[in-house]
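Undergrad: Next come a sequence and a model predicted from it.
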Amino acid sequence: MTDLLLKPAVAVDVPAPRRRGRLYAYLRDPGLVTGSALVGFVLLAALTAPVIAAIVGHGPNEQFPDETLDAAGLPITGGHGFLLGADGSGRDVLIRTLYGARVSLAIGVPATTIAMAVGVVVGLAGGYFGGRIDAVLSEVTNIALAFPFLVTALSVVTINRGTAGTTLVDPIVVVIGIIALFSWTYFARLVRNSVIEMKSRPFVLAAIGAGSSPARVIRREILPNIAPTVVIYWAVQLPINIIAEASLSYLGVGIRPPTPSWGTMIANAQDSALYQTQPLMLVAPAGALFITVLGFNLLSTALRNRFDPSAQR
């Protein structure tokens, strides 16, 4: 009777030290803390961009030439309610930078997720079944890797152009497709190698010996064990894809003006040379891109060092 009364107290007290231990371990990892803070800051900026725009009364594409351009037609650096000044068209640099975060995440996250899904399916099929299936899928992967990124992007954008400067498909969808097309191969190789190694594990051999179907073995035995590595690599690939989006926009084959994108903002500042007068036109989008990539790189590296056994070895 006494033991039965004591059991609930023990069950309640045990998780608290574990939670405190996990919190202390998290706080002791500077890369994990710094990366989480930077990523959280970027996510907060993207989510609150419409709220901040409503508060200051400046839309991302609204022009205020009378308030932001001097007598010579040059943009101001600050003042008149424009914290980071304005660009050559009289648009608020701060608001456009915040909306640029929404564009980068709206493209980077879906593109990386689609690439992960395709790569996982291809890697699982090739790694588990082997033989001709693996040979064919490996050749498809090699062919996809052989395509030059910029040339393919330029070709797709050219095909997507309609009459009178219109586009047949939304440019955001096109950019997501281009980035996913060149990202899935890395997931496929990662998953294939992991599955080949996993197939020789005793628990997988036991499931196969028990008569489990290939789909069940993959779903119940292999996929749960490689999922942490795949998710961590998703976080590794995301900043690379964000840079890819900014690069395409910078070259004029990504997001089209006046939609605010960090790549187009950097290109506009350099092409007009107004950054010499209004340096924040260039510093704001470039700094935002740097913070975003740095945050995701720190976070993904810390997660990989903590949870990926191959990285620890």
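TA: Right, received. Where do you want to start?

Undergrad: which residues touch S247?
TA: By Cβ atoms under 8 Å, 6 or more residues apart in numbering, the residues touching S247 are G254, G263. All C-beta spots, glycine's among them, are computed from the backbone N, C-alpha and C.

Undergrad: hmm, 10 Å instead?
TA: Contacts for S247 (Cβ atoms under 10 Å, 6 or more residues apart in numbering) come out as F149, L150, A153, V253, G254, G263.

Undergrad: Now a PyMOL select for only the buried ones of those.
TA: Selection of the buried residues among these in PyMOL, burial being defined by 16 or more other Cβ atoms under 10 Å:
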select buried, resi 153+253+254+263
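
Undergrad: and which of the contacts of S247 is nearest L289?
TA: Taking Cβ to Cβ as the measure, L289 sits nearest to G263 out of those, at 8.2 Å.

Undergrad: I'd like the distance between V118 and P148.
TA: According to Cβ to Cβ, to the nearest Å, V118 and P148 sit 20 Å apart.

Undergrad: Buried residues in stretch 275-282, which are they?
TA: Applying 16+ other Cβ under 10 Å to stretch 275-282 flags Y275, T277, Q278, L280, M281, L282 as buried.

Undergrad: And for stretch 42-62?
TA: Judged by neighbour count (16+ other Cβ under 10 Å), stretch 42-62 contains these buried residues: V42, A45, A46, A49, I52, A53, H58, P60.

Undergrad: Pick out the residue closest to the middle of this structure.
TA: L238 (2.9 Å; Cα atoms, centre = their mean).

Undergrad: related to what we said a few turns ago, closest to L94 among the buried residues of stretch 275-282?
TA: Distances from L94 to the buried residues of stretch 275-282, taken by Cβ to Cβ, are shortest for L280, at 8.6 Å.

Undergrad: Can you get me a residue count around the residue lying closest to that closest one once chain neighbours are set aside?
TA: Nearest non-adjacent residue to L280, counting by Cβ to Cβ, 6 or more residues apart in numbering: L84, 4.6 Å away. Neighbourhood size, L84 [other Cβ atoms under 10 Å]: 18.

Undergrad: My guess is L84 contacts M265. True?
TA: No: L84 lies out of contact with M265 (Cβ atoms under 10 Å); the separation is 11.2 Å.

Undergrad: Name the residues contacting each of the two.
TA: Joint contacts of L84 and M265 (Cβ under 10 Å, 6+ apart) are V93, R96, T97, M281, A284.
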